[in-house]
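Asks: below are the sequence and a predicted model for it; my questions follow.
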Amino acid sequence: MATMHSAASNLKTHLGRLIRPRPDFGRDVAEQLRARWQDRRPVRSTARFSDIVFSVLVGAASIILPLILLGPLADHVDSAVAVVVFMVAIGVATHLGEWPGAITAILVALLATDVFWIGDRTSARIPRGGPELLTLSVFFAAGLVLAWLIQEVKNQSLTARRDAQAARSATFALNSIEADAAAYARHGSGDRAQIYGSLLRAMVAANRTAFGVLLLVDEHHELVPVAEYGIDSLTVDDLAPAFLGEIVEERRLRSVYEIARDLRFADSPIQDAGIRSVLGCPIFGGADQIVGIVLTGLHASHRFSSAEEYRLTALADKASSILAALTAVEERETALKAAEERQIWLERVIEAMPEAVVLVDLLSGFVIAQNDIATALLGDGTGQPFHRLNERLRNSEGEPVELESSPVSPALTHAEAIAGVEMLAVRADGASIPVLVSAAPVEEAGVESPTVVIVFREISALKEASRLKDEFVSIVSHELRSPLTPILGFVQLVARDLRRKGGHADSVKRLDSAAGHVGRMTRLVDDLLDVSRLKAGLLDLRRTEVNLGDICREVMNDRKAGGVKHAIVLRELPFDVVGNWDADRIYQVIDNLVSNAVKYSPADGTITISMDEDPASGKATVTVEDEGPGIAAEERQHLFSAFFRTKSAASSQVAGLGLGLYICHELVFAHGGSISVHESAAGGAAFRVELPVAVNQAALKPAAFA
């Protein structure tokens, strides 16, 4: 394959010469022959006199020895046999004695042939006649040709050996450089410039050139010299950018026989350095992209052979792997540096956070990092499984929790985000600190296992503030209710006396209005008292067998008797729905829902109370629907929180504290039921209350409500 490539390359070169002849073609050929002759001369350029004498003796001996054997048999040996023997002897003399031995052997062989096989066998004489002269002339020419061929073979063999030795030396040097690059890749230490220089010297030595430059593509996709040999301080502009551009564009080797005649190298510093011929080879990296170029050159005009081009290409391919290793090291160092900087930044961020922060690897479950606040709260768990820290956590009731049942478990096992779970953290001194736990996975590109960030927010101050608030509400509401009862009683008594006496209609009307305001204030205070009882866990449910239909009818009749202008419709079932409930509290829930529907529905709107029962689930259902504006989806999740009011309710003229729905939720929950809000068929709000018909202790709120 290499021979075919060489033949094709030589054919292309010769065709190019024929198609584009140059005026100085003869001089180029002469210089080429001189360069080839200089390149192929034996290593010994000057021969000593003793060497010449030795070569002459070898040449004479190589003929005399076979002549001793053939001379006595000259009459019986044909001259053709003698010529063959002498030609072999001339070959031996040429091989051993170089040209002096070859000339000596040819002359002695001619003399022996003349003496023993031409004319008188006892003396030498000048050949007579055409046949004798032709025979000796042909013999002389054949000897010279044989000697020249042997010398040519020797020179080519010597050149091949030198080339092979240079290639082996270059390959050995590249292997050593590759080992250095591998060590550099493992340890990330060493001088890259020195590796570049050694790499270039090895490629220069492979073709025994006198000049070399290694250029690599930088991050800006530009060629930059990284190593020089035989010349100093070069830039890309000094190296004929047009020549380099051809190498990149054509993606193959390019050579210049005489740069002095090449306009691309006009005013180039490499001419001042005496460089006359240049060979450039691209270096390919991953994805078949050019990552660099190597240039080599000689101080003489020279046409680089296909063997020289092949050697440089092979070494460039080997250099590619070395450069790839160095690039990988650089990328690894950059990535490590970025990771270290990111780690430092992350540590500073979590240290600056006022909450306790713990980072856990999802795959292994080990703690990656934590800040000082987390260490003070839970102890140091860095490099340990998270369950070591989980041993310091308790549920809101103060009971230990296993990691599998911990609120943090969904985040650590299924990468699910959790937020605002109340727990207790037990410090090293035994103090229990209430905390809100939140956790979320953080995905990172290129990382198989995400990191789970767990944040513990201490809420001791919030818990204390909440306790003080509940205590304040309880005390204030109790103190407010105490004088309201006698005030309402005296107002109603005076109104009744004036109504009985007559003639005091205006005064009675004012007293009735005052009684109504006192009643509303009493209901607000009762709501506050209910909230304080719910917060303190002091609500007492008095369960009896109750007919849900009776409660709904009572609520509807009371509202109608109060002069409500809305139409209230009750959709009853054809059978009684009886459950074990607290009748007053269920009445309070339904009445509160109807009251809200009246507040936020148009004056001529309809409020519908529907009942249902599902024997399979053992639950009874009451739904209160209105024709009001409805409730936005994003506000529904906060609707049953204490003191929460929707934006439309807060901006309206409807008075309220935002406690009614919270109380409904807590009362229904205390019965083991649930309450939810949906959109009604008319576009308003539909509140759905589900109550278990029988008492289910497992579904009830904790024992504080019992």
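Replies: Looks like it came in fine. Numbering: from 1, shown residues only.
Asks: in the strand ranked longest in the chain, which residues are buried?
Replies: Scanning the chain for the strand with the most residues, using DSSP state E, yields strand 432-442. Going by neighbour count (16 or more other Cβ atoms under 10 Å), the buried part of strand 432-442 is I433, P434, V435, L436, V437, S438, A439, A440, P441. No exception for glycine: its C-beta is placed from N, CA and C like everyone else's.
Asks: I'd say the last one and P410 touch.
Replies: No - using Cβ atoms under 8 Å, P441 makes no contact with P410, being 10.5 Å away.
Asks: how about A319, nearest residue that isn't a chain neighbour?
Replies: L199 (5.5 Å; Cβ to Cβ, 6 or more residues apart in numbering).
Asks: CA atoms only: put the helix or strand containing L389 into PDB for me.
Replies: L389 is located in helix 387-390, with elements delineated by DSSP states H and E. Output of helix 387-390 as PDB, limited to C-alpha atoms (Å, rounded to 0.1, in the frame of the first residue of the first chain):
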ATOM      1  CA  HIS A 387     -29.800   8.600  60.100                       C
ATOM      2  CA  ARG A 388     -27.100   9.700  62.700                       C
ATOM      3  CA  LEU A 389     -28.600  13.200  62.600                       C
ATOM      4  CA  ASN A 390     -32.100  11.800  62.400                       C
END
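Asks: what's that helix in contact with?
Replies: V358, G365, V367, L378, G379, G381, V401, E402, L403, S406, V408 (Cβ atoms under 8 Å, 6 or more residues apart in numbering).
Asks: and if we set it to 10 Å?
Replies: 356, 358, 360, 365-367, 370, 374-375, 377-381, 400-404, 406, 408-409, 412, 425, 454, 456 (Cβ atoms under 10 Å, 6 or more residues apart in numbering).
Asks: measure V589 to Y229 for me?
Replies: 95 Å (Cβ to Cβ, to the nearest Å).
Asks: neighbour count for these two, which is higher?
Replies: Comparing V589 with Y229 by other Cβ atoms under 10 Å, the one with more neighbours is V589, at 30 against 20.
Asks: okay, the more buried one: pLDDT?
Replies: We note a pLDDT of 90 for V589 in this prediction.
Asks: can you check R533 too?
Replies: 65.
Asks: same question for C552.
Replies: 91.
Asks: let's number from 58 now, not from 1
Replies: In the new numbering, first residue 58, that becomes C609.
Asks: so where's the stretch 208-357 of the chain uncertain?
Replies: 215-248 (pLDDT under 70).
Asks: please, where are all the strands along it?
Replies: 268-274, 280-286, 311-313, 334-341, 347-355 (DSSP state E, counting those that start in this stretch).
Asks: quick one: strands adjacent to the longest one?
Replies: According to DSSP bridges, strand 347-355 has the following sheet partners: strand 268-274 (antiparallel), strand 334-341 (antiparallel).
Asks: of all those, which lies closest to D669?
Replies: Among the strands paired with strand 347-355, the nearest to D669 by Cβ to Cβ is strand 268-274 (77.4 Å).
Asks: so who does V141 touch?
Replies: Taking Cβ under 10 Å, 6+ apart as the test, what V141 contacts is D135.
Asks: check S705 and give its pLDDT.
Replies: Value listed for S705 in the pLDDT field: 67.
Asks: got it, and the one 3 residues further on?
Replies: The per-residue pLDDT reported for S708 equals 59.
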